[in-house]
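> only geometry, no sequence info:
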């Protein structure tokens, strides 16, 4: 997606996509900090488990029915879950593994493909990684192999 193209629903917001992605780091940290609060979990779950193709839950919303912010939160939540070091039941994923998983999810209707494109193109993942990931998670990324992404 070219930088000058518009996204479905962008005109509904008063801030740019770039500004929203600048805030994604804060959203990820807030989501992680609040994960022990069951009321917040329930609220986030009502947004974060929806899919672009309408096959999510609890409401089965499609991309056009979700706000840009909700779609951004979906990407942020999955990225944080895949790279989190506080999950003893799984090994740490590298950036390249995480972006490949997210790329597949963008192709199968799980996450917004246009927002995923911006997430990669604007290196949002890298800004977060430099602050919060372990050095061994920050690997070399072959952008040509990320599913659903065209460098």
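In hand now; what should we look at? Keep in mind that this is a model prediction, so the values were computed, not measured.
> Leaving out chain neighbours, which residue sits closest to residue 116?
Using Cβ to Cβ, 6 or more residues apart in numbering and skipping residues adjacent in sequence, the residue nearest residue 116 is residue 106, 4.2 Å away. Just so you know, the C-beta spots here come from the backbone N, C-alpha and C atoms, and that holds for glycine as well.
> Secondary structure element holding the one you found?
Using DSSP states H and E, residue 106 sits in helix 95-107.
> So which elements touch that helix?
When contacts are defined as 3 or more Cβ pairs under 8 Å, 6 or more residues apart in numbering; DSSP states H and E, helix 95-107 sits against helix 68-83, helix 113-121, helix 124-132.
> follow-up on the earlier one: wait, the residue nearest to residue 116 sits on residue 113?
Yes: contact criterion Cβ atoms under 8 Å: residue 106 and residue 113 qualify, at 4.2 Å.
> Show me which of these two is the more surrounded one.
A count of neighbours by other Cβ atoms under 10 Å puts residue 106 above the other of residue 106 and residue 113, at 24 against 19.
> What are the neighbouring residues in contact with that one?
By Cβ atoms under 8 Å, 6 or more residues apart in numbering, residue 106 lies in contact with 112, 113, 116, 117, 147, 148, 149.
> Residue 134 versus that one, what's the distance?
Distance, residue 106 to residue 134, using Cβ to Cβ, to the nearest Å: 25 Å.
> can you check residue 66 too?
Look at residue 66 and residue 134: by Cβ to Cβ, they are 32 Å apart.
> More neighbours: which of those two?
Applying other Cβ under 10 Å to residue 66 and residue 134 shows that residue 66 carries more neighbours, namely 23 against 11.
> Test my guess that the more buried one contacts residue 51.
No: the pair residue 66 / residue 51 is not scored as a contact, 9.3 Å apart, by Cβ under 8 Å.
> wait, what's in contact with residue 71?
Listed by Cβ under 8 Å, 6+ apart, the contact set of residue 71 reads 9, 52, 63, 111, 112, 115.
> what's the most distant pair in those?
Spatially, the most separated pair among those is 9 and 111, at 14.3 Å (Cβ to Cβ).
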